[in-house]
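1. Have a look at this fold, sequence not included:
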């Protein structure tokens, strides 16, 4: 069975501490100002009738990824498990992918190529979890294979109310937010 | 293979057009079989060194990955019970401290007037000679006790030993009188012992968790946050009392946006409901507590309706939440909080929380407060010289603060004013605490410092206090040094080791070495017989029957699991004189204080001003991490939170993101700070994360970022019971920041 990597983000457990952000930055040697993941806090209502959702966000590794279609050089591509990757050697830094991404998941690396979340595929290939998942002190992040019905990520998506971001784009994101 | 969608079809076309440029791009992208590499950033260590963190006081177990002599990343140590393999952002961002370009690099000696922050780099020999001379001169004139040590952090143990050998009891940590002191006094009065750190609470098994002013999740006490998430995951509910809609409030079943300074009124009203409706644990109280009748009489009439105008919380909400809290007992945890120095009646406030916990029967029960134990470690075979030492001089000459069970750092600062205490402080050793930010009223701290004969600061970064020192000694960061063993009390007792991952950078030296050399410089070298910290630790570990090699390899060793609660066979840990929980405190009555907490309305600020509240961000520890460029990325500076309606109603309305200045009741003005205009806070207060607004020249990144809560805290109200400095008694106006040219 072909792997389809995905992530579930539990917004009830998450406190928005940014441990995922820092772990990603050191794991992947990101440049100053470059982020592959980030925290969103959304508050609604009026004082004192308020509610809040906290999300650890990153590239959604869309099944229909517009960034891959938009890339004129083939740098953006679907890799193992449906992970969207950028081949630095092929990337010219034209930013077509950045314009096409509905989630702001990409940035231009100072070395001239576009960079983004890889689901830490270099770790996953060695049987490890992505760095953000590993460090998360609230265990809000669950990474796994959608094609494996026994995986924790499938269990969570089946048992908990969840959503993807901007479903109207038709991108079929693979990051699921558990309510 | 999926059917070819329109998008994929277009993609093939686009790739075809670019085929000349990318060679084999077309076919490979279609089949996914090309040579597109999976980049490995190569941060996995060639060596992985277990140690424990010093980005905050929680001391989580870590694995430092070292490659080509550099620490590439820090991950959680799964064998350490406080991190359990996971880290908060600060721990994960510790390389930002290690490789901070602004670190203190070489010993410094003051080269102009004190406080002008002009220094000359000198050799260690020259610096240590200067320290020896300075301290010995004070000793000759005023006695050894005239030297005070201010300390924060695990490495302070070496300097505490120096003080013991030197002969001064004046060792103060701002973590007591400026932070958790009122809570420690209150729980000692009620149950017989302070809570200590990490707190012995069972968040993970609680069914209801009540946070009164604690913004857990924004203060990242790793293990507690882990347990909070686990509890929430298992369906536990939160009750949050906070003037601000905190992260925890965002997850709460009940949020009570209380007027700042009125928690005691709310707590009394909660107890009124629980007592009147007989929702307390009568059997438990009969067995373990005294004073229930007095408490019943005391809370009679303190109804939710009574508390409403005082607290601003609707009576139905008070009543309903009280019932909700009581329904989950005994697994109903009233979190004791940590930073509890707010309005000067803080011991009584914490007492009210402790009494509520007793009514719920949660002390010593699963899901409440637990019994904990520590691994007993043998000391290093060495003795301090015998000799009479005068008692600590951290209190006014006429006495006061009778329940304080640690030395007051603020009191040692006061004792520097001639004639304030039984004798005067003449020299300070300041280790790892930036007193200009960690003590209130920096104008008083400056005055005290100007009156000193000698001040030596030992630190990693050139914090403000270093600028006021005569000698500055650059310490190696915790990633570059060995330290003593850690064996705190915990549910599973354990011992952990700190081990250097890399050699010290620049000319910085580990604390153990600095303390030993200071000992030599004052002629007390014989009392530091260890070769180094490694030998010190190994001697202790071996004498304690520990497997040193295994400890070094794993970083932490778990002791025997102990019974932690009544359900596991451990009786509630009550160590008061009478052996009973003191709902009514005869001790306080004897000392002239209220034996059961009463509500006193807080003083109001000038019209048009807001009470200044302060707290934490999960990415930062006090002011110590503001210069950490890695941690600054997600959180580069603090913002002043102001209620949206209040912001609109200002003479000059403030919009979200505007830069404003805060001006306090004494005319002290902050630097420009961005306004966060939000629904998430009451309209009578504003909120800042503490630790910003640095002024030290050497903190090139942090300097001038955000507003300093410390600078605006020109006033404080001292808790008469234990000497804590209540700091939420300052009021500010908002002024638009001058437009920069």
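-> On my side now, so go ahead. This structure is a prediction, so every number in the text was calculated from the model and none was measured.
2. List the contacts of the residue lying farthest from the centre of chain A.
-> The centre of chain A is farthest from one residue, residue A:48, which by CA atoms, centre = their mean lies 32.7 Å away. Residues counted as contacts of residue A:48 (CB atoms under 8 Å, 6 or more residues apart in numbering or on different chains) are B:245, B:255, B:257. Every residue, glycine included, has its C-beta placed from N, CA and C.
3. in chain B, which ranges drop under the pLDDT threshold?
-> Applying pLDDT under 70 to chain B flags residues B:1-34, B:739-741.
4. Show me what the longest helix seen in it packs onto, helices and strands only.
-> Ranked by residue count and defined by DSSP state H, the top helix of chain B is helix B:124-142. When contacts are defined as 3 or more CB pairs under 8 Å, 6 or more residues apart in numbering or on different chains; DSSP states H and E, helix B:124-142 sits against strand B:108-110, strand B:147-151, strand B:427-431, strand B:454-459, strand B:471-474, helix B:511-521.
5. mind listing what's buried in that helix?
-> For helix B:124-142, the neighbour count (16 or more other CB atoms under 10 Å in any protein chain shown) marks B:124, B:127, B:128, B:130, B:131, B:132, B:134, B:135, B:138, B:139, B:142 as buried.
6. Could you find the closest non-adjacent residue to residue B:467?
-> Leaving aside its chain neighbours, residue B:467 sits nearest to residue B:117 (3.8 Å; criterion: CB to CB, 6 or more residues apart in numbering or on different chains).
7. Test my guess that the one you found contacts residue B:703.
-> No. Using CB atoms under 8 Å, residue B:117 is not in contact with residue B:703; the gap is 11.7 Å.
8. where do the contact lists of those two overlap?
-> Common contacts of residue B:117 and residue B:703 (CB under 8 Å, 6+ apart): B:696, B:697.
9. what's the spacing between the closest residue to residue A:90 other than its chain neighbours and residue A:67?
-> Excluding the flanking residues, the one nearest residue A:90 by CB to CB, 6+ apart is residue A:75, at 3.8 Å. Separation of residue A:75 from residue A:67 (CB to CB, to the nearest Å): 10 Å.
10. now swap in residue B:147 and tell me
-> In this structure, residue B:147 and residue A:67 are 64 Å apart, going by CB to CB.
11. hmm, back to that, which residues touch the longest helix of chain B?
-> Outside helix B:124-142, the residues that touch it by CB under 8 Å, 6+ apart are B:107-109, B:122, B:146-147, B:166, B:423-424, B:426-427, B:453-454, B:456, B:470-471, B:473, B:507, B:509, B:517-518, B:520-523.
12. Next: stretch B:675-685.
-> In contact with stretch B:675-685 (CB under 8 Å, 6+ apart) are residues A:43, A:45-47, A:50, A:52, B:243-245, B:257, B:259-260, B:312, B:610-613, B:639-647, B:654-660, B:687, B:734.
13. Sort out which of the contacts of helix B:124-142 are buried, if you could.
-> B:107-109, B:122, B:146-147, B:166, B:423-424, B:426-427, B:453-454, B:456, B:470-471, B:473, B:509, B:517-518, B:521-522.
14. what's the domain layout of chain B?
-> Using automatic domain parsing, the domain parsing of chain B gives B:1-36, B:108-172+B:394-558, B:178-184+B:191-371+B:579-591, B:610-736.
15. So which bits of the stretch 101-250 of chain B are right by chain A?
-> Residues of the stretch 101-250 of chain B lying near chain A by CB under 8 Å from any CB of the partner chain: B:217-218, B:220, B:222, B:225-226, B:228-230, B:232-233, B:245, B:247-250.
16. which of those residues lies closest to residue B:534?
-> Among these, residue B:222 lies closest to residue B:534 (CB to CB), at 26.6 Å.
17. Please tell me how far that closest one sits from residue B:74.
-> Distance from residue B:222 to residue B:74, by CB to CB: 13 Å.
18. Can you pull the residues that touch both of these two?
-> Here residue B:222 and residue B:74 have B:87, B:91 as joint contacts, going by CB under 8 Å, 6+ apart.
19. Going toward the C-terminus from the strand or helix carrying residue B:356, what's the next helix or strand?
-> Residue B:356 belongs to helix B:346-359 when elements are defined using DSSP states H and E. Going down the chain from helix B:346-359, the next helix or strand is helix B:409-414, by DSSP H and E.
20. coming back round to it: just the ones of the residues of the stretch 101-250 of chain B next to chain A in helices?
-> Taking DSSP H, the ones among these that sit in helices are B:222, B:225, B:226, B:228, B:229, B:230, B:232, B:233.
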